[in-house]
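Asker: no sequence on this one, just coordinates:
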Ligand SMILES: Cc1cc2nc3c(=O)[nH]c(=O)nc-3n(C[C@H](O)[C@H](O)[C@H](O)COP(=O)(O)O)c2cc1C
């Protein structure tokens, strides 16, 4: 009986992995039962969200997401990042208005639009003196996106606001960043108002090297 149970479990596990690798190959699967485990399901179902409900996210949820962020692997455990969470709409509006003022050549609607309407904005900065800090920030960012996804919260990594923010004189003070740090990425968070399909991935980028 025990043997039969082990055999059945092994079959189910194998089937689970087989279907997972298939869904990874095609990016077509959206059915929870096709994934081998909840971690893989979270990774495969995360997509960039560009349409958010205008609802706040509870601080407890944000704390948990940020805790996951700072538990990312990072060079020499230097934690060469600074994370600034803006969930207060008035503060966010000030940042947007400062950005508009510092970029008179850019249409104000474009400045606002590049944040994709996310109700919470996370600003990620790297420690300038550490050569791996951009990688540290990338790994932190992915942990944030995946933790959010696992809680039903959508995310979008945003590079486009960064260049405009670089022209904002008071941004370091506003975000309480000291001179050793520079912004590298924003992450918008919020409850999703859309569920976009996966964009195709090029599997030929991955090769097994065999002698
Ligand atoms: C470093 C980085 C910068 C990005 N900048 C932007 C951006 O400025 N605007 C935007 O709409 N999406 C941005 N994205 C999201 C990508 O377009 C998205 O991750 C990619 O198309 C793959 O789609 P997926 O996240 O849904 O799998 C950025 C993503 C990364 C990692």
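Answerer: Structure received. Nothing here was measured: the structure is a model prediction, and the numbers come from that model.
Asker: how is the chain partitioned into domains?
Answerer: The chain is divided into the following domains under automatic domain parsing: 2-45, 59-190.
Asker: quick check: buried residues in stretch 70-85?
Answerer: 72, 74, 79, 80, 81, 82, 83, 84, 85 (16 or more other Cβ atoms under 10 Å). All C-beta atoms are positioned from the backbone trio N, CA, C, and that covers glycine.
Asker: most packed of the domains of the chain?
Answerer: domain 59-190 (a mean of 17; mean count of other Cβ atoms under 10 Å).
Asker: shouldn't residue 114 be in contact with residue 158?
Answerer: Yes - at 6.7 Å, residue 114 and residue 158 qualify as touching, with contact defined as Cβ atoms under 8 Å.
Asker: if we can go back for a sec, out of the buried residues of stretch 70-85, the closest to residue 178 would be?
Answerer: Proximity of these to residue 178 (Cβ to Cβ) peaks at residue 82, which lies at 8.3 Å.
Asker: mind listing the residues bridging to residue 82?
Answerer: residue 125 (DSSP bridges).
Asker: follow-up on the earlier one: need the domains of the chain in a markdown table (columns: mean pLDDT and distance to the ligand).
Answerer: Output for the domains of the chain, formatted as a markdown table (pLDDT from 0 to 100; distance: least, Cβ to the nearest ligand atom, whole Å):
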| stretch | mean pLDDT | distance to the ligand |
| --- | --- | --- |
| domain 2-45 | 56 | 9 |
| domain 59-190 | 98 | 3 |
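Asker: so for residue 207, which of these sits nearest?
Answerer: Here domain 2-45 is closest among the domains of the chain (Cβ to Cβ), at 14.8 Å.
Asker: name the helices or strands packed onto the top strand by length along the chain?
Answerer: With secondary structure taken from DSSP state E, the chain has its longest strand at strand 181-190. Packing partners of strand 181-190 (3 or more Cβ pairs under 8 Å, 6 or more residues apart in numbering; DSSP states H and E): strand 120-127, helix 133-150, strand 154-158, helix 160-166.
Asker: so who does the residue positioned nearest the centre of the chain touch?
Answerer: By Cα atoms, centre = their mean, the chain has its centre lying nearest to residue 145, at 3.0 Å. Residues counted as contacts of residue 145 (Cβ atoms under 8 Å, 6 or more residues apart in numbering) are 46, 155, 157, 187.
Asker: contacting residues for residue 166?
Answerer: Counting by Cβ under 8 Å, 6+ apart, residue 166 touches residue 183.
Asker: quick check: it vs residue 57, distance?
Answerer: 27 Å (Cβ to Cβ, to the nearest Å).
Asker: not counting sequence-adjacent ones, nearest residue to residue 50?
Answerer: residue 116 (4.6 Å; Cβ to Cβ, 6 or more residues apart in numbering).
Asker: phi, psi for the nearest residue to residue 127 once chain neighbours are set aside please.
Answerer: Closest residue in space to residue 127, ignoring its immediate chain neighbours: residue 80 at 3.9 Å, by Cβ to Cβ, 6+ apart. Phi and psi for residue 80, reported as degrees, to the nearest 10, are phi -80, psi 40.
Asker: wouldn't residue 80 be in contact with residue 128 here?
Answerer: No - contact criterion Cβ under 8 Å: residue 80 and residue 128 do not qualify, at 9.2 Å.
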